[in-house]
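Any chance you could fold what I've pasted below:
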Amino acid sequence: MVARRQQTTQSSQSVGFYKFVALIFLAITLILFGVIVFMSSKRAIITITTRPEPVDITTTIGVNADSARTIAGSVVTTTVSGTNTYFPTGNKEEPGLAVGTVTIHNETSLDQPLIATTRLLSSDDVLFRIKDRVLVPAGGTVKANVYADQEGSGSDIGPTKFTIPGLHDAKQSVIYATSDTAMSGGIRKIGSVSQDDVEKAKKMLAEELKEDAKASLAAKVDSNLLLSVYDVSDPTYTVGATIGEEVSEFTLSANMTVVGVFFSPDDVQTLASDVLMSRAIDDAEYIEPSDAAPVVTLGSYDLERQEAELDVTYTGRATINPESKQLSKIAFYGKTKDEVRRYLLSLDHVYGVDVHLRPAWTQTIPHVADHVDIVVKQVE
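Residues are numbered from 1 along each chain as shown. You can find the predicted model right below:
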């Protein structure tokens, strides 16, 4: 009987021990489960507001040159000349003869000659005369230069129809003149030719001749070289008036060599972009190139060696790089809201930070990458 009691007691103790151990494991399991649930419920959203800042570069790119940055291209020249009329800065007025151009119509079946000084009478009875002899073809038209019969502003008339009083009445209805533009010159502005007037005229004429030269220069190079810059070399000018002379107008003649440098815009874009991207401080900064093409001007050239240097300016916007190490999620693990804000606001281009944690009692950024979201917003 005693032995049976002892066995029963030992059995009861073993069952109690195992129950205790089981309860301990259950408690540990529940605690671990609670920790897992707590950890898995922690979420963080870090919103970073950035504002891009303008950045620009100016660099030199060689054309056919032995330099660090060079591209292929063509350096070509042509010689142009021309003459134009310019006006001094007027400071007084005097009567003059209005001039202009008319179209003479001949609706008959015979050619009609008209001598110089043939009269043309406008619908408002303002008299003009043909400057040079013309032959108006049968059933056709001819252009003629005309001048007013009398000085004064009264001859500055707008487009109108003219009769030819010298013709027989029957012919006046079928041989007549019309003007498409106004007559001008009835009042002339007289001014003293100044050095400033001459310099302005030189610049204008140089630009006009440069435009005339572009087509002939383009014909000399490969059609794939779509971008070009120009310069004027060795210009010579002849002024048709002396400084201080009082005139209503003066002529200016010029002879010059126009230099054209032709190259591929893609080549310039590539090199300019490389230089612009090199302005990034480190991987924390990203530079976004401008949509506008680089601005290219001609710096210098060597006609004998067929080389040139281009001054290139290119712009972009610098902002924080969302893929940088400074914004990797691991950099925020375990940090509080204030620590995150202080850290991010110390970086370039960051202008605002918002940290949202949940559940509400969460105080730090979770250590699980999938539970951390970093949002970068850009404002202008």
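
next one: phi and psi at Ser273?
Phi and psi for Ser273, reported as degrees, to the nearest 10, are phi -60, psi -40.

Apologies, that question was intended for Ala201.
phi -60, psi -40.

And Glu339, by the same measure?
Torsion angles, degrees, to the nearest 10, at Glu339: phi -60, psi -40.

and it, what pLDDT?
Looking at Glu339, its pLDDT is 92.

Please report the number of neighbouring residues for it.
Neighbourhood size, Glu339 [other C-beta atoms under 10 Å]: 14. Placement of C-beta: from N, CA and C, glycine included.

Quick check: the gap between it and Gln306.
Note on Glu339: its distance to Gln306, by C-beta to C-beta, to the nearest Å, is 62 Å.

can you check Val355 too?
For Val355 relative to Gln306 (C-beta to C-beta), the value is 62 Å.

quick one, which of the two is more surrounded?
Neighbours were counted for Val355 and for Gln306 using other C-beta under 10 Å; Val355 has more, 19 against 15.

The stretch 1-150 of the chain: strands as residue ranges?
43-50, 53-63, 70-71, 73-86, 92-95, 99-106, 112-114, 119-122, 127-130, 134-136, 141-148 (DSSP state E, counting those that start in this stretch).

Identify the residues contacting the third one?
Going back to what we said before, that points to strand 70-71. Strand 70-71 is contacted by residues Ile61, Gly62, Val63, Asn64, Phe263, Ser264, Asp267, Val268, Leu271 when judged by C-beta atoms under 8 Å, 6 or more residues apart in numbering.

if you set the cut-off to 10 Å instead, what comes out?
Outside strand 70-71, the residues within contact range by C-beta atoms under 10 Å, 6 or more residues apart in numbering are 60-65, 225, 263-264, 266-268, 270-271, 307, 309-310.

average pLDDT for that strand?
93.

Listing partners with orientation, what would you give for that strand?
strand 53-63 (parallel) (DSSP bridges).

Then the last one?
Each strand that pairs with strand 141-148, with its direction, by DSSP bridges: strand 99-106 (antiparallel), strand 127-130 (antiparallel).

Repeat that for the fifth one.
If you go by DSSP bridges, strand 92-95 pairs up with strand 187-192 (antiparallel).

Which positions in the partner strand come out as buried?
For strand 187-192, burial by neighbour count (16 or more other C-beta atoms under 10 Å) applies to Ile187, Arg188, Gly191, Ser192.

got the contact list for the residue sitting nearest the centre point of the chain?
For the chain, the residue nearest the mean C-alpha position is Ala292 (5.4 Å; C-alpha atoms, centre = their mean). With contacts defined as C-beta under 10 Å, 6+ apart, Ala292 is in contact with Tyr314, Thr315, Gly316.

Then Ala44?
Ala44 touches 329, 332-333, 335, 337, 340, 355-358, 362, 364-366, 368, 371-374, counting by C-beta under 10 Å, 6+ apart.

which stretch among the strands paired with strand 141-148 comes nearest Met183?
The closest of the strands paired with strand 141-148 to Met183 is strand 99-106. By C-beta to C-beta, the value is 3.9 Å.

just the CA coordinates of that closest one, formatted as PDB?
The C-alpha coordinates for strand 99-106 follow below in PDB (Å, rounded to 0.1, in the frame of the first residue of the first chain):
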ATOM      1  CA  VAL A  99       8.300 108.800-103.600                       C
ATOM      2  CA  GLY A 100       7.000 105.300-104.100                       C
ATOM      3  CA  THR A 101       6.200 102.500-106.500                       C
ATOM      4  CA  VAL A 102       3.200 101.900-108.700                       C
ATOM      5  CA  THR A 103       1.900  99.100-110.900                       C
ATOM      6  CA  ILE A 104       0.800 100.300-114.300                       C
ATOM      7  CA  HIS A 105      -2.000  98.200-116.000                       C
ATOM      8  CA  ASN A 106      -2.600  97.900-119.700                       C
END
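
May I have the distance across stretch 182-192, first residue to last?
27 Å (C-alpha to C-alpha, to the nearest Å).

follow-up on the earlier one: so among the contacts of strand 70-71, which ones count as buried?
For the contacts of strand 70-71, a burial check counting by 16+ other C-beta under 10 Å picks out 60-65, 225, 263-264, 267-268, 271, 307, 309-310.

mind putting the strands of the stretch 1-150 of the chain in JSON lines, distance to Gln172 included?
JSON lines is the format used below for the strands of the stretch 1-150 of the chain (distance: least, C-beta to C-beta, whole Å):
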{"stretch": "strand 43-50", "distance to Gln172": "80"}
{"stretch": "strand 53-63", "distance to Gln172": "65"}
{"stretch": "strand 70-71", "distance to Gln172": "68"}
{"stretch": "strand 73-86", "distance to Gln172": "35"}
{"stretch": "strand 92-95", "distance to Gln172": "30"}
{"stretch": "strand 99-106", "distance to Gln172": "11"}
{"stretch": "strand 112-114", "distance to Gln172": "12"}
{"stretch": "strand 119-122", "distance to Gln172": "9"}
{"stretch": "strand 127-130", "distance to Gln172": "15"}
{"stretch": "strand 134-136", "distance to Gln172": "13"}
{"stretch": "strand 141-148", "distance to Gln172": "16"}
